[in-house]
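K.L.:
Okay, predicted coordinates and the sequence, questions at the end:
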Amino acid sequence: MPEQVKRRTTTDNNTFLRKYFRGLGRWFKYQYLLLTRAKGGAAIVAMGFSIGLAIEMFTLPTFGLAFFLIFPLVYLLRASLAAALIGFVFGKIIYIPVAFLNAKVGGLLVPDRFDEWLAVLPHWIGKALAVNAKLIAGGIVDGAILAAVLYMPLKYVLELFARKRTERRKLRRDQLALVLKETNR
């Protein structure tokens, strides 16, 4: 006769979920520490964030294909991929208000007779490009400007964070040395 398999009870499920989310929280904290202590420092993290933000500004009108530009840009500019993905997500949050600006800037860049130039392409490609050309052109310009503007403040904040962390560690080390010196007397 085969053995019966013990089913999970509600208490077991709650314990499992609690352990899972605790582990997930630890993983996020670990990734955060890796990001803030990245080799090369704040410049690499700020560069990655800027890349992700710039790419997001023209990802939607390209039907998500611009996302794949993150990987070679991160490699070529020696930036942080994790920071680039965070910048990409941040760009998704601010995209809707910026999309109106993208369309206005794209309207200034894309010529009025752009639809005529697309006549040689298949109809579905020409239609997709005609609809999204202003958003793509404006998104590239606005994304580059946003990335350039946010790079320096982000780098400064990350350097400040690292400096404060170093000061706290030095203070703790000095306090520990003082306590050890007093106990050895």
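P.N.:
Everything's here; your move. All of these numbers come straight from a predicted model, not from anything done at the bench.

K.L.:
Please enumerate residues in contact with stretch 109-128?
P.N.:
Here stretch 109-128 makes contact (Cβ atoms under 8 Å, 6 or more residues apart in numbering) with 63, 129-130, 133-134, 137-138, 141. (Each C-beta comes from the backbone N, C-alpha and C, glycine too.)

K.L.:
what two of those residues are the furthest from one another?
P.N.:
Using Cβ to Cβ, the contacts of stretch 109-128 span at most 19.7 Å, a distance reached by F63 and V141.

K.L.:
for the protein, which helix is longest?
P.N.:
helix 123-183 (DSSP state H).

K.L.:
Pull up the gap between the nearest residue to T62 once chain neighbours are set aside and G48, please.
P.N.:
Leaving aside its chain neighbours, T62 sits nearest to I136 (6.3 Å; criterion: Cβ to Cβ, 6 or more residues apart in numbering). From I136 over to G48 the distance is 23 Å, taken as Cβ to Cβ, to the nearest Å.

K.L.:
More neighbours: those two, which one.
P.N.:
Using other Cβ atoms under 10 Å as the criterion, I136 and G48 rank with G48 on top: 28 against 21.

K.L.:
Could you tell me which residues make contact with the more buried one?
P.N.:
G48 touches 74, 79-84, 86-87, counting by Cβ under 8 Å, 6+ apart.

K.L.:
Of those residues, which is the most crowded?
P.N.:
That'd be G87 among the contacts of G48, by other Cβ under 10 Å, with 29 neighbours.

K.L.:
my guess is that residue meets M47, correct?
P.N.:
No. Under the criterion of Cβ atoms under 8 Å, G87 lies out of contact with M47, with a separation of 9.6 Å.

K.L.:
joint contacts of the two?
P.N.:
Counting by Cβ under 8 Å, 6+ apart, no residue touches both G87 and M47.

K.L.:
re earlier: next one: the residue nearest to T62 relative to F58, how far apart?
P.N.:
Distance from I136 to F58, by Cβ to Cβ: 5 Å.

K.L.:
can you tell me the helix or strand for the residue nearest in space to the middle of the chain?
P.N.:
Among the residues of the chain, the one closest to the centroid is I86, at 1.8 Å (Cα atoms, centre = their mean). Applying DSSP states H and E as the criterion places I86 in helix 81-109.

K.L.:
Please identify the buried residues of that helix?
P.N.:
82-88, 91, 98-99, 101-103, 105-106 (16 or more other Cβ atoms under 10 Å).

K.L.:
related to what we said a few turns ago, check contacts around the residue nearest to T62.
P.N.:
58, 61-62, 106.

K.L.:
So which of the residues you listed are in helices?
P.N.:
Of the contacts of I136, the ones assigned to helices by DSSP H are G106.

K.L.:
could the contacts of I136 go into TSV alongside distance to L150 and pLDDT?
P.N.:
What follows is the contacts of I136, written out as TSV (distance: Cβ to Cβ, whole Å; pLDDT from 0 to 100):
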residue	distance to L150	pLDDT
F58	16	85
P61	21	76
T62	22	77
G106	21	87
